[in-house]
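Asker: A structural model of the following input is requested.
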Amino acid sequence: MTVLALRGSCFHNGASRIHGGVASAMEGYVWPQISAEENPISYVTNGVHVPTFLAREWVSLFDMRFSQWRNELLNPADYWECIDTIPAHRFWSLRLELNTQMLDYVNQRVVK
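Answerer: Prediction:
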């Protein structure tokens, strides 16, 4: 099925850079005349829109503690430095609160 899909499609990609490299090596037999590094399998890495996927409670906490946190998302060193300054009890209490909300929601859906 993989060969059928590769030969029947115009574009070939993995879900990440690593997956694209692994797929290129694994499916290299489809293009024996081309090395795995040059075959047409590439990759696409999906981005995440942080304000959409981050719980409002986390956004509020970050807004209160770090005024420029949204500008530091692409700078992992600064981002983790900010995260590390959150007291453990505050981090875990918020995490537990959000987990409780999720389980309550799931329970309501199952009952419904």
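
Asker: Next, find the distance separating residue 92 from residue 64.
Answerer: Per C-beta to C-beta, to the nearest Å, residue 92 is found 17 Å from residue 64. For every residue, glycine as well, the C-beta is placed using N, CA and C.

Asker: Can you give the contact residues for stretch 81-96?
Answerer: Contact with stretch 81-96 is made by 57-58, 61-62, 65-66, 69, 72, as judged by C-beta atoms under 8 Å, 6 or more residues apart in numbering.

Asker: number of nearby residues for residue 27?
Answerer: Residue 27 sits with 19 neighbouring residues when counted by other C-beta atoms under 10 Å.

Asker: so what's it scoring on pLDDT?
Answerer: With respect to pLDDT, residue 27 scores 89.

Asker: hang on, isn't it packed against residue 5?
Answerer: No. Under the criterion of C-beta atoms under 8 Å, residue 27 makes no contact with residue 5, lying 9.8 Å away.

Asker: re the thing from before, just want to know which of residue 92 and residue 64 has more residues nearby.
Answerer: Higher neighbour count among residue 92 and residue 64: residue 92, with 11 against 8, using other C-beta under 10 Å.

Asker: In which helix or strand does the more buried one reside?
Answerer: Per DSSP states H and E: residue 92 is located in helix 88-111.

Asker: And that helix, how far out from the chain middle?
Answerer: Helix 88-111 sits 21 Å away from the centroid of its parent chain (C-alpha atoms, centre = their mean, to the nearest Å).

Asker: Which parts of the chain are strands?
Answerer: Assigned strands in the chain, in chain order: 12-14, 41-43 (criterion: DSSP state E).

Asker: Note down every partner strand of the first one and its orientation.
Answerer: The reference is to strand 12-14. According to DSSP bridges, strand 12-14 forms sheet pairs with strand 41-43 (parallel).

Asker: in the strand it pairs with, what's buried?
Answerer: For strand 41-43, the neighbour count (16 or more other C-beta atoms under 10 Å) marks 41, 43 as buried.
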